[in-house]
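**Q** With the sequence up front, the predicted model follows.
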Amino acid sequence: MSLTIDPPLVNLFPDLHVLVGRVENVTVRSHVAELEAFKGEVIEEIRGSYSRETVKDNLTFRAYRDFFWKIKVDPTKTRPAAEALIRRVLRGRPLPKINSLVDAYNLASMKSEIAFAAFDADELGDSLLMRFACEGEEFLGIGMAKLVHLTGSEVVIADNGKLVAIYPYRDAEEAKITQKTRNVLFIACGVPGIDEEKLRLALDLSFKFVTRFCGGTARTM
């Protein structure tokens, strides 16, 4: 599985980097007691590392927000994934409980400050393309009640026949991670201002957490 960034997107954002990885033969469960205990440890660490007053000044989150503004997404309404999770914890709210794999990489997102996209690899085509949306394209994201029609300003990821994500904040319903998932494609979602090394460390951390709680074998692609 390869991911190509479309030339018009490269021209506009030459320092936009993404890293792709895969974890095969995972076991996704609704509840893992060890994972629930680990969540508590991560939450305490996050609360000791950030405050509600200063989280907006974090350089990684500022890079994501700057990118959001450039693609006409209001980051005060649609927050970067890691920032949204951290803010949730700082407000004393519980983390979302989806399944063992999603919950595990959400913890990696919080600790690394990097957003991830994750897909059931068996629901994808042979290659992925990151590009600008076409005006009027339809997209159904996870948790959405109905299709939305895109304006053309969005950055999307498409396989051979469908949109699988609005980058870097919403994955598609069709390829989401479920308890039936056995093979997972991960994307460490970079934006201008975030270097490849930070993405690599984040992807490695997601591999560590996912294989710890879901098993499987991980590799960078």
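**A** Done, it's in. Numbers count the residues shown, from 1 in each chain.

**Q** quick one: the strands in this protein?
**A** 2-5, 18-24, 115-120, 127-132, 138-139, 148-149, 155-158, 163-167, 170-171, 183-189, 217-220 (DSSP state E).

**Q** list the buried ones in the second one?
**A** This points to strand 18-24. Buried positions in strand 18-24, judged by neighbour count with 16 or more other Cβ atoms under 10 Å: 18-23. C-beta coordinates here come from the backbone N, C-alpha and C atoms, glycine included.

**Q** What residues sit buried inside stretch 173-182?
**A** Residues 174-177, 181 are the ones in stretch 173-182 that count as buried (16+ other Cβ under 10 Å).

**Q** With respect to Leu129, which of those is nearest?
**A** Closest approach to Leu129 among those (Cβ to Cβ): Ala175, at 14.6 Å.

**Q** which residues does that closest one contact?
**A** 119-120, 123-124, 164 (Cβ atoms under 8 Å, 6 or more residues apart in numbering).

**Q** Over to Ile142?
**A** The contact partners of Ile142, by Cβ under 8 Å, 6+ apart, come to 170-173, 176.

**Q** same deal with Asn183?
**A** When contacts are counted by Cβ under 8 Å, 6+ apart, Asn183 is found next to 22-26, 120-122.

**Q** so Ala104 makes contact with Leu205?
**A** No: taking contacts as Cβ atoms under 8 Å, Ala104 lies outside contact range of Leu205: 10.2 Å.

**Q** ok, the two, which is more surrounded?
**A** Ala104 (26 against 19; other Cβ atoms under 10 Å).

**Q** And the closest residue in space to Glu83 that isn't next to it in sequence, how far from Pro168?
**A** What sits nearest to Glu83 in space, not counting adjacent residues and going by Cβ to Cβ, 6 or more residues apart in numbering, is Phe61, at 4.4 Å. Distance, Phe61 to Pro168, using Cβ to Cβ, to the nearest Å: 12 Å.
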